[in-house]
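Q: I'll drop the sequence and a predicted model, then ask my questions.
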Amino acid sequence: LVGAQDARRLAAATLGWGARLYCLPLWFEADVLTTPLRAGDTRLPVTQALLKEYREDGLVVVWRDAGVSEAGVILAITDTTLVVQQPLSRAYPAGARVMPGVLARLVGETPTTYLTDAVAVSSVRFEVEGHRDRAPAEIGPVWQGVAVLDARPDRTLEVTETASRRLSILDTHTGPISVDDTRLLPVIRRTYSWLLVGRAALARWKQWAAARAGRLQSLWLPSFADDLEVTQPVSPGDTALRVANTGSARYVGAHPLRAALRIELNNGQVFHRRVTGVTERDATTEAVSLDSALGLSAPPAEFRRVMWMSLARLDADTLEFHYDTDAVARLSATFVLISQ
């Protein structure tokens, strides 16, 4: 949303520069100067630089307003200071901004709506030039060679799950209709949302996204739901949990999309176990067999949550981080469950 001289500058920049490379400031990672910078300075004060998009040989933008700004090449980075290659060409007062810059091109149309003869609104999309390397890192533990996503999602928002089957239907219009479930397993997609608060959380989840490599790398995905209710005490040698009857023995059994359990106790202990079978004990109780015992004694009240856990992949190669502020963002991700 720009007016007067800024609207004129925006029109000139988008018209004249066109499809060429822009230096795009990352506004959501800006620091506001608390002390002035002088012309000739080569050291720029910043905060949490190692958690932001600063790169050696990358760009930093110093910005006062739409008419006064400059970009420089970064030589060295610490968490609180950037050293730039060329001295600043002018002075900048307290209140000016320092932020990472990336090379980017305008993508698609650049619509502009003129609210008055001097006020304009424009929403444009940039595509960053080149690859942005980021060290991959998992969020949760690694179990049986695969990472577990153990960060509980934002349950103030709904969790959406869809299940579909791939059916082959043959109708000759002369007799019975033949229906064949060609895959035998449903295609289950589940969408979760997370609220990311603080630079450390943002950096951590971006590293997690890099570890996924789009849809390439699988993970263990708990349901994050209260799936099973333990009804009988557990002894150290027990290899089965007695739970309230959910109909799983009758309708599901040991299912490849319910391959494991995540078991959380009130004292903070967490266990991951493979499910080897589900049997019905009586009308109110089922036994879920595990590949190994928990090795402890615990009454039912000590079990905080028992949830199904499945192997999964991201359903798309793209993840979107929506910034509410410069250090708070929301992430929604859709996963598709897979069998091993």
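A: Yep, that arrived. Treat the numbers as computed from the prediction; the structure is a model and nothing was measured.
Q: State the phi and psi torsions of Glu29.
A: Torsion angles at Glu29 (phi, psi; degrees, to the nearest 10) stand at phi -120, psi 20.
Q: Now it: closest residue in space that isn't a chain neighbour?
A: Nearest-residue entry for Glu29: Lys52, 4.5 Å, with adjacent residues in sequence omitted and distances by Cβ to Cβ, 6 or more residues apart in numbering. Every residue, glycine included, has its C-beta placed from N, CA and C.
Q: and the one you found, what does it touch?
A: Shown in contact with Lys52 (Cβ atoms under 8 Å, 6 or more residues apart in numbering): Leu26, Glu29, Val46, Pro100, Arg199, Ala203.
Q: How about the contacts made by the second one?
A: Spelled out, it's Glu29. Applying Cβ under 8 Å, 6+ apart, the residues near Glu29 are Lys52, Glu53, Met99, Pro100, Asp326.
Q: Export these as TSV, with columns for secondary structure.
A: Conversion of the contacts of Glu29 to TSV gives the following (DSSP: H, G, I helix; E, B strand; the rest coil):
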residue	secondary structure
Lys52	coil
Glu53	coil
Met99	strand
Pro100	strand
Asp326	coil
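Q: Buried among these? Need that as a selection in PyMOL.
A: Restricted to buried positions by 16 or more other Cβ atoms under 10 Å, the PyMOL selection for those reads:
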select buried, resi 52+53+99+100+326
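Q: with the contacts of Glu29 in mind, which one is nearest to Val270?
A: Closest approach to Val270 among the contacts of Glu29 (Cβ to Cβ): Lys52, at 32.0 Å.
Q: Distance check, that closest one against Val60.
A: 10 Å (Cβ to Cβ, to the nearest Å).
Q: Next, show the common contact partners of these two.
A: Pro100.
Q: Moving along the chain from the helix or strand that contains Val62, name the first helix or strand you hit.
A: If you go by DSSP states H and E, Val62 is part of strand 59-65. Downstream of strand 59-65, the first helix or strand assigned by DSSP H and E is strand 68-77.
Q: Summarise which helices and strands that next one is packed against.
A: Packing partners of strand 68-77 (3 or more Cβ pairs under 8 Å, 6 or more residues apart in numbering; DSSP states H and E): strand 59-65, strand 81-84.
Q: what angle sits between it and strand 59-65?
A: Relative orientation of strand 68-77 versus strand 59-65 (axes from the mean of the first three to the mean of the last three Cα atoms, to 10 degrees): 150 degrees.
Q: Report how many residues lie close to the residue nearest to Gly40 when sequence neighbours are not counted.
A: Among residues not flanking Gly40 along the chain, Pro87 sits closest, at 4.4 Å (Cβ to Cβ, 6+ apart). When neighbours are counted by other Cβ atoms under 10 Å, Pro87 registers 11.
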